[in-house]
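Q: structure for the following, please:
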Amino acid sequence: MPILRWLSRRRAYNQLVEQEAQALVARNGGDGYYTARQIAQLAKGQADLQSAKLWWRVSRRVAAMTGIEPGKAKVGLPESEW
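A: Next up is the predicted model:
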């Protein structure tokens, strides 16, 4: 059944995103967001759109896990202003 194969692939893809996000957060904390964004940009620059999409999703998941709001940089701001 095609729908079951699609659901299986989607579940596996989401698990991969979750695993990569957890690994980045464990290693880098909130900086994992920026790491994932850099990887996505490199992949996009090499015209590897599937990898770019994966790492974009990983970056969004890292942001959700760490409380980072994409588009609102905290770099250089005192913690009281976060």
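Q: spit out the contact partners of Gly71.
A: By C-beta atoms under 8 Å, 6 or more residues apart in numbering, no residues touch Gly71. The way it works is simple: take the backbone N, C-alpha and C, and place the C-beta from them, glycine included.
Q: could you pull out the buried residues of the helix or strand that contains Thr35?
A: Taking DSSP states H and E as the definition, Thr35 sits inside helix 31-45. By neighbour count with 16 or more other C-beta atoms under 10 Å, helix 31-45 contains the buried residues 32-37, 39-40, 43.
Q: tell me the buried residues in the helix or strand just after it?
A: The helix or strand immediately downstream of helix 31-45 is helix 49-66, counting by DSSP H and E. The neighbour-count criterion (16+ other C-beta under 10 Å) identifies 52, 54-63, 65-66 as the buried residues of helix 49-66.
Q: of those residues, just say which sits nearest to Arg5.
A: Arg5 has its nearest neighbour among the buried residues of helix 49-66 in Leu54, at 19.3 Å by C-beta to C-beta.
Q: isn't the closest one up against Gln19?
A: No: taking C-beta atoms under 8 Å as the definition, Leu54 is not a contact partner of Gln19, at 11.3 Å.
Q: quick one: low-confidence parts of this structure?
A: 73-82 (pLDDT under 70).
Q: for Lys53, which non-adjacent residue is spatially closest?
A: Closest residue to Lys53 apart from its sequence neighbours, by C-beta to C-beta, 6 or more residues apart in numbering: Ala40 at 8.0 Å.
Q: for Met65, that is, sorry about that
A: Met65's closest residue in space is Val25 (C-beta to C-beta, 6+ apart), at 5.4 Å.
Q: which ones are touching the one you found?
A: By C-beta under 8 Å, 6+ apart, the contact set of Val25 is 32, 62, 65-66.
Q: most widely separated two among those?
A: Pairwise over these, using C-beta to C-beta, the maximum falls at Gly32 and Met65, 8.5 Å.
Q: all set, thanks.
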